[in-house]
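In: quick one, structure for this:
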Amino acid sequence: MQALNLEQRQPLHDLATTRQHETTAAAALPAHTLMQRAGLATAQLAQALAPHARCIWIACGSGNNGGDGLEAALQLHQRGRPVQVTWLGQPERAPADAHAAWQRARQAGVVFCSTAPTLGPQDLCIDALLGIGLAPDRPTNAAHAALHTCLQALHTSAAPVLCVDVPSGLCCDSGQYLTPFAPSGPPASARHTLSLLTLKPGLFTGAGRDAAGRIWFDDLGAAASHTTACAWLPGAPAHQVRAHASHKGSFGDVVIVGGEGLAARGLGMGGAAVLAARAALHAGAGRVLLAPLDADAPGIDASQPELMLRQVTALDWAQLTVVCGCGGGAAVRPVLAQVLALAPRLVLDADALNAIAAEAPLQQALHQRAAQGQATVLTPHPLEAARLLGTHTAQVQAQRLQAAQTLATRFACTVVLKGSGSIIAAPGQPPAINPTGNARLATAGTGDVLAGLLGTRLAQTADAWSAACAACWQHGALADAWPPAQALTASRLAQALTP
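Out: The predicted structure follows:
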């Protein structure tokens, strides 16, 4: 067992593959071995997390996740730790492994209780209620009052909570809570999750990141094959060493096409394009051009004189990496056909995506870029993704990996579906989930900073997938390391970027 190192590349496995692997591993071992190993791993982590606990409460469901909790209770009890167990199962209905664990715990003298004890911050709760047994296509005893009472107690407890395998109520594939298990607000205490056998994608995206907290992993001595992974944590990008014998042409020319002027509709959005340009510059592009979609734009950014202004009609597309759409408003639509046809490397963001979603000819032009050897990255947030897919935001969020992969396949390009645990998808390969970033990025302009950063990374590599993974990681990691007492604004974020 180990705390998960997010800087290393890690395979993720969905429910179906995990189940298949569990069955195969169990068949090769003596009866009950996997559950006993799961209980031991849980007990060991519980002791490490709460070495001075006066009480460890374990809420155990009626299935095999509950059996893991019962085995953990036995292990803790045998080590003299103060354990109380609430078990929602019935001996005559319990799966064989869970029934055996219940018998062993009772015979050892483990204390069982019908309600949650009163716990303090030094104590510990263990959530072994549902695990991966909860799936969208599987009936549950969701109406059972005792289950919901336990879930409420776990969510409101002052004691930290250790979730066995998956936080109860969370779909391990999508990272979304299933109705009616979604909590009404943030948890009251720290969260930990011990993922068993495999790492599940739902722990790293959507609501999963808040639900899971700090993630630990134990493969129970039965590591799954990497070839069966449904997705990956990409790991930290390698640091690029710049040769002394370099010049500005070595690091790419990036142009930002965006920024609707105030005169057209009274909705000036030039700041978005400037933020993207500043991000590209600080991220290490050799030259950054700014092509505002406003004939009356000022001739220079006095605070960033390195940015070179151009009119869209004056751009020499052949050598440029184009970031298009940041603050583009309605003004981006007339230039999109030209951008899609001529840009050899292209990042499409914001209003460029909205315009493409609204017009079939632009969608066709986007799809044709791959056949012409032109690299493209889309960076939609969930609402923009829903528009491109002709669906609703809730449906995108309910299946984030699937939505990103569908977009990548439909438009033959790399897609960054933004949000908690951004998804990076490309045709013909499993998606990646970016594990960095936090809610401090939920402020205007940080998406423009990501677009500019991505433009620079794309200018410096021919691989759009690698560029997208590296940009997402760096963008989020910078927010994770941000000084707590300092406000994170898009301007500061752009200035803090490094090559």
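
In: quick check, pLDDT for residue 277.
Out: Residue 277 carries a pLDDT score of 96 in this model.

In: after the worst-scoring helix or strand of the chain on mean pLDDT, which helix or strand is next?
Out: Ranked by mean pLDDT, DSSP states H and E, the weakest helix or strand in the chain is helix 262-265, scoring a mean of 79. For helix 262-265, the following helix or strand on the C-terminal side (DSSP states H and E) is helix 270-282.

In: follow-up on the earlier one: so what touches the least confident helix or strand of the chain?
Out: Identification of contacts with helix 262-265 by CB atoms under 8 Å, 6 or more residues apart in numbering yields 268, 270, 294, 296, 329-331. C-beta: built from backbone N, CA, C; applies to glycine.

In: among those, name the buried ones.
Out: By neighbour count, with 16 or more other CB atoms under 10 Å, the contacts of helix 262-265 hold 268, 270, 294, 329, 331 as buried.

In: closest one of those residues to residue 127?
Out: Nearest to residue 127 among those is residue 329, at 46.8 Å by CB to CB.

In: spatially, what comes nearest to residue 459 if we skip its sequence neighbours?
Out: Among residues not flanking residue 459 along the chain, residue 252 sits closest, at 2.7 Å (CB to CB, 6 or more residues apart in numbering).

In: could you give the number of residues near that neighbour?
Out: Residue 252 is flanked by 24 other residues according to other CB atoms under 10 Å.

In: is it true that residue 403 touches residue 383?
Out: No - using CB atoms under 8 Å, residue 403 is not in contact with residue 383, being 11.7 Å away.

In: neighbour-wise, which of these two wins?
Out: Each of residue 403 and residue 383 has its neighbours counted (other CB under 10 Å); residue 403 has more, 25 against 13.

In: mind checking the SS state of the more buried one?
Out: Using DSSP: H, G, I helix; E, B strand; the rest coil, the structure places residue 403 in helix.

In: how close does it get to residue 381?
Out: Distance from residue 403 to residue 381, counting by CB to CB, to the nearest Å: 12 Å.

In: okay, and the common contacts of those two?
Out: Common contact partners of residue 403 and residue 381 (CB under 8 Å, 6+ apart): residue 417.

In: residues touching the residue nearest the centre of the chain, list them.
Out: Taking CA atoms, centre = their mean as the criterion, residue 421 is the residue nearest the geometric centre of the chain, at 1.3 Å. By CB under 8 Å, 6+ apart, the residues touching residue 421 are 175, 204-206, 208-209, 400, 433-435.

In: so of these, which ones are in strands?
Out: Using DSSP state E, the subset of those located in strands is residue 433.

In: what's the farthest-apart pair in the contacts of residue 421?
Out: The span of the contacts of residue 421, defined through CB to CB, is set by 400 and 435 at 13.8 Å.

In: neighbour count for those two, which is higher?
Out: Neighbour count, other CB under 10 Å: between residue 400 and residue 435, residue 400 has more, with 29 against 25.

In: I figured the more buried one hits residue 417, correct?
Out: Yes - if you go by CB under 8 Å, residue 400 and residue 417 touch, sitting 6.1 Å apart.

In: who touches both of these two?
Out: Contacts common to residue 400 and residue 417, judged by CB under 8 Å, 6+ apart, are residue 423.

In: contact partners for the closest residue in space to residue 398 that isn't next to it in sequence?
Out: Of all residues not flanking residue 398 in the chain, residue 176 sits nearest, at 5.5 Å (CB to CB, 6+ apart). Shown in contact with residue 176 (CB under 8 Å, 6+ apart): 170, 202, 206-208, 397-398.

In: can you map out the helices along the stretch 51-200 of the chain?
Out: Taking DSSP state H, counting those that start in this stretch to define them, one finds helices in the stretch 51-200 of the chain at 64-78, 96-108, 145-156.

In: so which of those helices comes closest to residue 187?
Out: Between these, helix 145-156 lies closest to residue 187; by CB to CB that is 5.8 Å.

In: where does residue 6 fall, secondary structure wise?
Out: Applying DSSP H and E, one finds residue 6 in no helix or strand.

In: measure it to residue 82 for me?
Out: 33 Å.

In: and the two? Which one has more around it.
Out: residue 6 (19 against 14).

In: against residue 229, how distant is the closest residue to the more buried one other than its chain neighbours?
Out: Computed as CB to CB, 6+ apart, the closest residue to residue 6 that is not its neighbour in sequence is residue 435, at 4.6 Å. With the distance defined as CB to CB, residue 435 ends up 15 Å from residue 229.

In: for the residue nearest to residue 459, give me phi and psi.
Out: Residue 252 adopts backbone torsions of phi 90, psi 150, taken as degrees, to the nearest 10.

In: what sits against it?
Out: 285-287, 321, 456, 459-460.

In: switch the cut-off to 10 Å
Out: Counting by CB atoms under 10 Å, 6 or more residues apart in numbering, residue 252 makes contact with 280, 283-288, 319-321, 345, 455-461.

In: which pLDDT value goes with it?
Out: Listed pLDDT for residue 252 reads 87.

In: repeat for residue 142
Out: We have a pLDDT of 45 for residue 142.

In: can you show me the CA trace of stretch 337-352 as CSV?
Out: What follows is stretch 337-352, C-alpha atoms only, in CSV (Å, rounded to 0.1, in the frame of the first residue of the first chain):
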residue,chain,number,x,y,z
ALA,A,337,-13.2,29.4,-42.1
GLN,A,338,-9.8,31.0,-42.9
VAL,A,339,-8.3,29.9,-39.6
LEU,A,340,-9.5,26.3,-40.0
ALA,A,341,-8.2,26.1,-43.5
LEU,A,342,-4.8,27.6,-43.0
ALA,A,343,-3.5,27.2,-39.4
PRO,A,344,-1.0,24.3,-39.3
ARG,A,345,-1.4,24.0,-35.5
LEU,A,346,-4.5,25.3,-33.9
VAL,A,347,-6.0,25.6,-30.4
LEU,A,348,-9.8,26.4,-30.5
ASP,A,349,-11.3,27.9,-27.4
ALA,A,350,-14.4,29.7,-26.1
ASP,A,351,-16.4,31.5,-28.8
ALA,A,352,-14.7,29.7,-31.6
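
In: from the rest of the structure, what touches the helix or strand hosting residue 494?
Out: Assessed by DSSP H and E, residue 494 sits inside helix 490-496. With CB under 10 Å, 6+ apart as the test, helix 490-496 has contacts from 271-272, 274-283, 303-304, 440-441, 443-450, 452-453, 475, 478-479, 481-482, 486, 488-489.

In: got the domain ranges for this protein?
Out: Under the assignment automatic domain parsing, the domains of the chain span 2-233, 248-496.

In: nearest to residue 240, of the ones you listed?
Out: domain 248-496 (7.5 Å).

In: ranges for the helices of the stretch 251-400 of the chain?
Out: For the stretch 251-400 of the chain, the helices defined by DSSP H, counting those that start in this stretch occupy 262-265, 270-282, 333-342, 351-358, 360-368, 382-389, 393-398, 400-411.

In: from residue 254, how far out is residue 187?
Out: Residue 187 is 41 Å from residue 254, where distance means CB to CB.

In: is it possible to export the helices of the stretch 251-400 of the chain to TSV including distance to residue 118?
Out: Converted to TSV, the helices of the stretch 251-400 of the chain look like this (distance: least, CB to CB, whole Å):
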stretch	distance to residue 118
helix 262-265	59
helix 270-282	50
helix 333-342	61
helix 351-358	51
helix 360-368	58
helix 382-389	40
helix 393-398	36
helix 400-411	38
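
In: any idea which of these scores lowest on pLDDT?
Out: Lowest mean pLDDT of the helices of the stretch 251-400 of the chain: helix 262-265, a mean of 79.

In: where does pLDDT dip in the chain?
Out: Applying pLDDT under 70 to the chain flags residues 135-143, 250, 295-302.

In: check contacts around the residue in it sticking out farthest from the centre.
Out: Going by CA atoms, centre = their mean, the residue of the chain most distant from its centre is residue 107, 43.1 Å out. Contacts for residue 107 (CB under 10 Å, 6+ apart) come out as residue 74.
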